[in-house]
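Trainee: sequence first, then the predicted structure:
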Amino acid sequence: MAQMLERYVYKNQKKMRCGYTTGTCAAAAAKAAAQMLLSGRKLTEVSVRTPSDITLTLPVCEIQMKAHAVSCAVQKDSGDDPDITNKILIFAEVSYIHNNSNMNKSTDMTVKKCDTESERSDTAAVKPQMIVDGGVGIGRITKKGLARPVGAAAINPVPLKMIEAALKETAEAFGYEGGLQAVISAPQGVEIAKKTFNPQLGITGGISILGTSGIVEPMSEQALIDTIRTEMKMHLADGEQTLLITPGNYGQDFLHETLKIELKSIKCSNFIGDTIDMGCELGAKGMLFVGHIGKLVKLGAGIMNTHSKMADGRMEILAACAVRAGAGIEAVRNILDCVTTDAALELLKNEKILGKTMEQLMLQIDACLQKRGGDNMQIGAVVFSNEYGLLGKTEQADELLLKITADVSSEK
């Protein structure tokens with residue numbers, strides 16, 4: 001039985017309990033299995049630190065101990081968030097990497113002086129490996145454009161780093177200098193995945209291991225909209241007349257890391273239309289959206305709730321913009337066959353019409369935003385991709401950004 005996480009958030013005057021992600025469960029199970037493998041002793045619980053710097057102590061179950069491998073599970077707890085993966089078991093089997101039998105000797109080499117560049121390269125090559133893969137119930141990526149390469153297990157980058165770090169930390173704690181392999185599985189994931197968008201995204205055979213913070217904060221649509229409204233009021237009360245909006249963490253990271261703008265944005269999730277409406281209602285003078293093309297491309301067709309359950313149209317919009325940019329019929333067909341925007345962007349780049357297509361897309365996004373925002377609000381957007389960086393800006397984006405920074409500077 002999973003231990004309830006006693007961490008709460010208040011949304012719409014309602015106390016709601018947080019949970020933890022499949023990524024946290026996978027890292028915790030891998031850490032527990034590694035500890036049992038290296039110590040030879042069973043555990044009843046394991047502590048794991050999440051990327052949000054919260055340490056959780058979680059129960060361990062379904063333990064199977066062998067001479068060279070240990071398997072155990074941690075049960076997912078989604079708190080008060082409606083989540084299809086709630087209560088499923090996430091397993092990890094950790095084993096020694098047998099082809100690292102000489103790892104102790106190899107590791108000893110690192111303390112010797114390396115006389116040549118070749119020697120240094122050889123030494124670096126024999127560092128202990130921490131390998132992570134997916135087993136039963138974990139999806140396998142079959143199409144390009146997702147966060148992991150084709151053929152890899154659908155374990156997203158942040159959970160993957162958590163699992164690798166858990167293995168490394170445990171090995172160091174026990175003075176073990178060899179390699180470890182963790183195979184993550186979720187037997188119930190085979191059936192659960194059929195009810196998700198994984199098959200459409202080119203992820204077959206199971207669920208994805210997800211999570212950027214390690215913690216699940218419960219969401220209801222109205223509660224989230226009310227939270228956006230409250231945050232917007234606070235920014236306006238602080239003298240910010242032009243608001244900086246991002247759908248989520250990717251937009252905020254792009255502001256900091258690429259645009260070098262150290263400003264805190266209002267996160268609107270998928271509710272772009274509602275956010276614009278609230279801005280108009282509350283008297284905001286302007287609004288700039290900064291977001292990943294996977295979401296903001298939908299604005300090009302006036303889709304103002306970007307959740308996949310509401311509408312998609314990503315490839316149709318890109319295909320239409322590509323036609324205006326001069327794409328041939330075969331290129332359009334190929335775009336329509338893509339499952340991710342990154343895959344479509346690669347195709348557009350190869351056709352040498354990426355820039356022109358993005359120009360057309362920004363014109364479409366601009367027109368739809370202006371229509372929703374009306375005459376009383378200046379509105380714009382900046383669109384990027386993690387792989388290709390900045391893709392485009394609407395006509396008023398730079399002017400809006402100057403006003404945002406001016407608002408903040410005047411407050412200081």
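Mentor: Sure, I can see it.

Trainee: contacts, neighbours, all on C-alpha from now
Mentor: OK.

Trainee: OK, contacts around residue 158?
Mentor: Contact analysis of residue 158 by CA atoms under 8 Å, 6 or more residues apart in numbering lists 23, 210, 211, 212.

Trainee: surely the first one is in contact with residue 210?
Mentor: Put plainly, it is residue 23. Yes. The pair residue 23 / residue 210 is scored as a contact, 5.2 Å apart, by CA atoms under 8 Å.

Trainee: re the thing from before, by neighbour count, which of the contacts of residue 158 wins?
Mentor: Per-residue neighbour counts (other CA atoms under 10 Å) across these peak at residue 23, which has 29 neighbours.

Trainee: roughly how far does that one sit from residue 171?
Mentor: Separation of residue 23 from residue 171 (CA to CA, to the nearest Å) stands at 20 Å.

Trainee: check residue 17 too.
Mentor: According to CA to CA, residue 17 and residue 171 sit 34 Å apart.

Trainee: again with residue 286
Mentor: Counting by CA to CA, the gap from residue 286 to residue 171 is 53 Å.

Trainee: what do you get for residue 249?
Mentor: Computed as CA to CA, the residue 249 to residue 171 distance reads 32 Å.

Trainee: these two: which has the busier surroundings?
Mentor: Higher neighbour count among residue 249 and residue 171: residue 171, with 21 against 16, using other CA under 10 Å.

Trainee: for the stretch 251-400 of the chain, just list every one of the helices.
Mentor: 272-282, 293-296, 314-324, 329-337, 341-350, 354-373, 397-411 (DSSP state H, counting those that start in this stretch).

Trainee: in the chain, which helix or strand is least confident?
Mentor: helix 103-108 (a mean of 33; mean pLDDT, DSSP states H and E).

Trainee: my guess is residue 16 is in a strand, correct?
Mentor: Yes. Under DSSP: H, G, I helix; E, B strand; the rest coil, residue 16 falls within a strand.

Trainee: quick one: it and residue 218 touch, right?
Mentor: Yes. Counting by CA under 8 Å, residue 16 does reach residue 218; the two are 6.5 Å apart.

Trainee: shared neighbours, residue 23 and residue 210?
Mentor: Common contacts of residue 23 and residue 210, defined by CA under 8 Å, 6+ apart, comprise 155, 158, 159.

Trainee: closest to residue 384 out of those?
Mentor: Distances from residue 384 to the shared contacts of residue 23 and residue 210, taken as CA to CA, are shortest for residue 158 (20.2 Å).

Trainee: which element is that closest one on?
Mentor: helix 157-173 (DSSP states H and E).

Trainee: show the average pLDDT along that helix.
Mentor: Average pLDDT, helix 157-173: 96.

Trainee: how about stretch 263-277?
Mentor: Taken as a whole, stretch 263-277 has an average pLDDT of 92.

Trainee: and the end-to-end length of it?
Mentor: First residue to last in stretch 263-277 (CA to CA) measures 23 Å.

Trainee: which other residues reach it?
Mentor: So stretch 263-277 is contacted by 225, 228-229, 231-232, 243-248, 252, 255-256, 287, 295, 304-307, 372-373 (CA under 8 Å, 6+ apart).

Trainee: can I get the buried ones among these as something I can paste into PyMOL?
Mentor: Command for PyMOL that selects the buried part of those, burial taken from 16 or more other CA atoms under 10 Å:
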select buried, resi 225+228+229+231+232+243+244+245+246+247+248+252+255+287+295+304+305+306+372+373
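
Trainee: out of the contacts of stretch 263-277, name the ones that lie in strands.
Mentor: 243, 244, 245, 246, 287 (DSSP state E).

Trainee: residue 147: which of those residues is nearest?
Mentor: Residue 147 has its nearest neighbour among the ones in strands among the contacts of stretch 263-277 in residue 246, at 20.1 Å by CA to CA.

Trainee: look up which residues are beta-bridged to that closest one.
Mentor: residue 267 (DSSP bridges).

Trainee: could you list every residue that touches it?
Mentor: Applying CA under 8 Å, 6+ apart, the residues contacting residue 246 are 252, 265, 266, 267, 268, 269, 289, 290, 291.

Trainee: now with 6 Å, please.
Mentor: Residues near residue 246 by CA atoms under 6 Å, 6 or more residues apart in numbering: 267, 289, 290, 291.

Trainee: what's the answer for residue 212, then?
Mentor: By CA under 6 Å, 6+ apart, the residues touching residue 212 are residue 158.

Trainee: residue 33 versus that one, what's the distance?
Mentor: Taken as CA to CA, the span from residue 212 to residue 33 is 23 Å.

Trainee: torsion angles phi and psi at the residue nearest to residue 50 when sequence neighbours are not counted?
Mentor: Once flanking residues are discounted, residue 50 sits nearest to residue 214: 5.0 Å by CA to CA, 6 or more residues apart in numbering. Torsion angles at residue 214 (phi, psi; degrees, to the nearest 10) stand at phi 90, psi -10.
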